[in-house]
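Engineer: Let's see this in three dimensions:
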Amino acid sequence: MATVYFDIGATLADVSAAPDGSLTFRPRPRVHEVLDALAATDVGIISNPGPGERARAHAAAALGAAFPGRFTDGALIRWGPKDSRAIFDGAVAAAGADAEGCVFVGEDPDERAFAREAGLRTAPHPVFAGAAVEGRPVLWIRISLPEDQSLTDLGVVANAAEVVPVHVPSARLVLAMATASGVEHLVDAGFAVDQQAPVDDTVAFLVRDDRPAPPPSGIPAAPTPAAAPAGGPADGHARASSAFAFMAGGLAGLTQTVVSLGPAPGGVYIAAAAGTPLEELHIPGARHGHTERLLPDPGLLARPGELDAMALAAGFPRPGFAAAGPSPETVDAVRAAVTSSAIRGHTARLSGAAPLVDGEPRVVTSRDVSNPGNMVVVDTLAAQFHRLGFTVTLQPFTWRGHRLANVEAEHRVEGSDGAVLVTAHLDSTAAYGEFADPAGRPRPYDPGTDPAPGADDDGSGTAAVLAAAECLSTMVAAGRTPARTVRFVLFNAEEQGLIGSKYYARAAAANGEAIAAVLQMDMIAGLQDGPRRVEIHAGTAVTGPVAAASNALGDRLAEAAAAVEPGLEVQRLTGSADPAAGRSDHASFHERGWAAVAVSENFFADTSPATGTRQYHLPGDILEDADHNTEYAAEIARAVTVAALTLAGL
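Structural biologist: From the prediction side, this is the model:
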C-alpha cells in the first residue's frame with residue numbers, strides 16, 4: 001500500500017502566523033476531496049515549520065485544527081528542512097516501505113526534485129496525488145475555449161477532473177496541468193487541448209519579450225510544435241518561438257533545462273527545471289517585471305474579486321463616504337505624517353544606510369530573498385506595525401529552501417464591505433551589478449552575500465507603506481475611525497516573479513475575502529532632472545470588470561494627488577498596452593479580479609526623457625544616490641495615502 005506525504009504551506013493549506021508563533025492552516029481548494037479519495041491510503045506530512053520544538057508544536061496544533069482526524073499516525077509527520085533528500089529518506093523509513101511506494105505532493109519543484117532523488121514519486125498538486133500513486137504522469141497543457149464556452153464552463157469541468165489551471169491569459173486560452181484522464185474529460189466537454197512537456201520537477205513562468213516587433217533578424221527560430229495551439233494567431237506562436245530562442249541563445253550559461261510551452265501574452269511560457277536561477281530566465285533588454293512565476297490553483301478560473309471590482313466601479317454607494325473627494329482633515333493629517341524625513345528615515349534603515357533598529361548596531365545591506373537579512377527585516381517590520389497598534393500577521397512560505405514571509409498589518413472595521421490595501425514589496429536584488437572575485441575576475445552576483453540595498457526598488461515603496469501606517473495610527477489615536485478595514489501589506493519575493501503577492505492573493509481568494517482596492521507602490525524615489533511625474537498604472541490584460549474598476553481606482557488616486565500634491569504631474573496608463581501590466585504586485589490581484597493600481601516614478605512609461613532611477617537592480621541603488629529623492633517619494637506617498645484613507649471613509 002502506498003504512503004502519500006503532503007507538504008503543507010501553499011500545497012495542503014494557506015498558512016498565516018501570529019506574532020506569538022501560533023499558526024493557522026486554511027485548506028486549499030479541492031484538498032478535502034483529495035483526502036477523502038485517499039481515505040484507505042496512509043497519509044503523512046513533510047513540512048518545515050521552522051527550528052525548535054515550539055515551532056513544531058504550533059504546526060501540529062494547526063494541522064489538527066484544520067484537518068481533524070486526517071493525519072493521525074505520528075510516525076508519518078516529518079518536520080524539518082526540505083533542502084536535501086535527508087528528510088525524504090527518513091519519511092521512507094517511517095513508512096516501512098520501499099521509496100517507490102511513497103509519494104510526495106508539493107508545489108515547490110526543488111522539494112520535488114529532492115524527493116525524487118530519494119526515490120519517491122511526486123505530484124505537483126494534491127489533485128494529482130492519485131495519479132502519482134498509480135504512476136501516471138502530469139503534463140503542461142494549453143486549453144482553448146470555443147466561442148460557446150466560458151471560463152465558468154471550463155471551471156465546472158476542470159474542478160471535476162485531474163486538471164489544475166495555472167494561468168488565464170484570455171477568455172479563450174488557459175495554461176494548466178493535467179493528466180491524460182484530465183485531458184480526456186476536457187476534450188469530451190468540447191475544449192481543444194494542446195499537450196506540452198511533462199511537469200515532473202519543473203515550474204512555469206511567463207517570460208515577456210520587450211523587443212520591438214518584429215524580432216531581430218539573425219535570431220534562430222525554435223522548433224514549432226506540430227499542433228499550433230489555438231487561442232492565438234500564428235505570428236504569436238512564431239514570436240514566442242523567437243523569444244524562447246533569443247532568451248536561450250543569450251544565456252549560454254543556463255544551468256538547468258528550460259523548455260517552451262508556447263506563446264504567452266507579450267512573450268512565451270516556459271517550464272524551468274528545479275534549481276533554475278531566475279536571473280537566467282532573462283531576455284536581453286527586458287524591462288522591469290519581465291518574468292512572472294505561475295502558480296497552480298483550482299480557483300483561478302473563478303475570479304472572486306469581480307464582485308468587489310464592480311462595486312468599486314459603481315462608486316461604493318454607501319452612507320458615510322465623502323462624495324466630493326478627499327476631506328481637508330485627511331489631507332492635513334497626511335501632510336503632517338508622511339514627510340520627507342519620515343520616508344528618509346525608513347529608507348535608511350531598510351537599505352543599510354543606518355542601523356535597522358534605532359539604538360542597535362545591526363545594519364542590513366541586502367533584502368534579497370537568499371540573504372539572511374531578508375527575514376531580519378521581516379521581523380523588524382512586523383514589530384514596527386505591532387507598536388503602531390495594528391493586528392500583525394505573517395504569511396510564511398518557502399522558496400528554494402529559504403523560509404520567507406509576507407507581512408500584513410490590519411486595522412479591522414467590523415461590518416466593512418471590503419479592505420483597502422496599501423502595499424509594496426520588501427525584497428531587493430542587485431542582479432544587474434558587476435562583481436569581481438578577490439583576483440579581480442568578473443563573477444556572477446551572489447544573492448546570499450552581495451549588497452543589494454534597494455533604496456528605491458522597493459525600499460522607497462516600503463518606507464511609504466510604513467509612513468502611511470503611522471499616519472492612520474495617529475488619526476485613530478486622535479479619535480477618527482475609518483469605515484472600511486485598512487491593511488498595510490509588504491510582499492516578499494517580488495523579484496523572483498511576484499511570488500509573495502501571488503501567494504497572498506491566492507490565499508485571499510480561497511478564503512473568500514473582500515478587497516475593495518489595492519494601491520501598490522513600486523519605486524517612487526527615483527528622480528533625475530525633469531518634471532515631478534507620477535505614473536499611475538491601471539492597465540491589465542485580464543478581461544472583465546477588473547479593467548474598468550482599476551481605471552476607476554486610478555481616477556480616485558489622481559483626485560487625491562490633485563488635492564494633496566497639485567505640483568505632481570500625473571500620468572495615467574491603462575489598457576493591456578500599459579507597460580507595467582502584469583509586471584508588479586498589483587497584477588496578482590488583477591488575476592483574481594480585484595481592482596488594483598501600481599504607482600511609480602517615471603520609470604515604466606515610454607517617455608522621453610525618462611526621469612526615474614538609473615540604478616535599477618544595481619548595488620548603487622542607495623539612499624545617497626544622485627537619483628534618489630525622498631521629498632519626491634513623500635509627495636507620491638502622500639497622494640497614495642490620501643487616496644487609501646479616502647477610500648476607507650476618512
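Engineer: going forward, measure contacts and count neighbours with C-alpha atoms only.
Structural biologist: OK.
Engineer: Let me know the next secondary structure element after the helix or strand bottoming out on mean pLDDT in the chain.
Structural biologist: Using mean pLDDT, DSSP states H and E, helix 234-249 stands out as the lowest-scoring helix or strand of the chain, at a mean of 61. Later in the chain than helix 234-249, the nearest helix or strand by DSSP states H and E is strand 258-264.
Engineer: Can you tell me which helices and strands that next one packs against?
Structural biologist: The contact analysis (3 or more C-alpha pairs under 8 Å, 6 or more residues apart in numbering; DSSP states H and E) places strand 258-264 against strand 192-198, helix 234-249, strand 267-273.
Engineer: any idea how far D209 lies from H590?
Structural biologist: Distance from D209 to H590, counting by C-alpha to C-alpha, to the nearest Å: 21 Å.
Engineer: The two: which is more packed in?
Structural biologist: Neighbour totals were compared for D209 and H590, and H590 leads with 31 against 28 (other C-alpha atoms under 10 Å).
Engineer: residues touching that one, list them.
Structural biologist: T540, V542, V546, A596 (C-alpha atoms under 8 Å, 6 or more residues apart in numbering).
Engineer: taking those one by one, which sit in strands?
Structural biologist: Judged by DSSP state E, the subset of the contacts of H590 located in strands is A596.
Engineer: I'd like to know which of the contacts of H590 are buried.
Structural biologist: T540, V542, V546, A596 (16 or more other C-alpha atoms under 10 Å).
Engineer: State the three-state secondary structure for the closest residue to the last one other than its chain neighbours.
Structural biologist: Yep, that's A596 we're talking about. Among residues not flanking A596 along the chain, V518 sits closest, at 4.4 Å (C-alpha to C-alpha, 6 or more residues apart in numbering). Secondary structure, DSSP: H, G, I helix; E, B strand; the rest coil: V518 is strand.
Engineer: Please name the bridge partners of V518.
Structural biologist: For V518, the beta-bridge partners are L421, A596 (DSSP bridges).
Engineer: thinking again about what came up before, looking at the buried ones among the contacts of H590, which one is closest to L394?
Structural biologist: Comparing these against L394 with C-alpha to C-alpha places A596 closest, at 21.8 Å.
Engineer: pretty sure that closest one is touching A516, no?
Structural biologist: No - between A596 and A516 there is no contact under C-alpha atoms under 8 Å: 9.0 Å.
Engineer: returning to that earlier point: mind checking which of the buried ones among the contacts of H590 land in helices?
Structural biologist: Judged by DSSP state H, the buried ones among the contacts of H590 include V546 as members of helices.
Engineer: What is the most widely separated pair among the buried ones among the contacts of H590?
Structural biologist: V542 and A596 (11.8 Å).
Engineer: Make sure A562 is indeed in a helix.
Structural biologist: Yes - the assignment for A562 (three-state DSSP) places it in a helix.
Engineer: Pull the contacting residues for it.
Structural biologist: So A562 contacts L568 (C-alpha under 8 Å, 6+ apart).
Engineer: okay, it: pLDDT?
Structural biologist: According to the prediction, A562 has pLDDT 97.
Engineer: Tell me how many other residues surround the nearest residue to A639 once chain neighbours are set aside.
Structural biologist: Of all residues not flanking A639 in the chain, A561 sits nearest, at 4.5 Å (C-alpha to C-alpha, 6+ apart). By other C-alpha under 10 Å, 26 other residues sit near A561.
Engineer: try L568
Structural biologist: 18.
Engineer: Ok, E635 next?
Structural biologist: 26.
Engineer: Was I right to think it contacts E565?
Structural biologist: Yes - between E635 and E565 there is a contact under C-alpha under 8 Å: 6.3 Å.
Engineer: before we move on, back to that, between the contacts of H590, which sits nearest A383?
Structural biologist: Taking C-alpha to C-alpha as the measure, A383 lies nearest A596 of those, at 27.0 Å.
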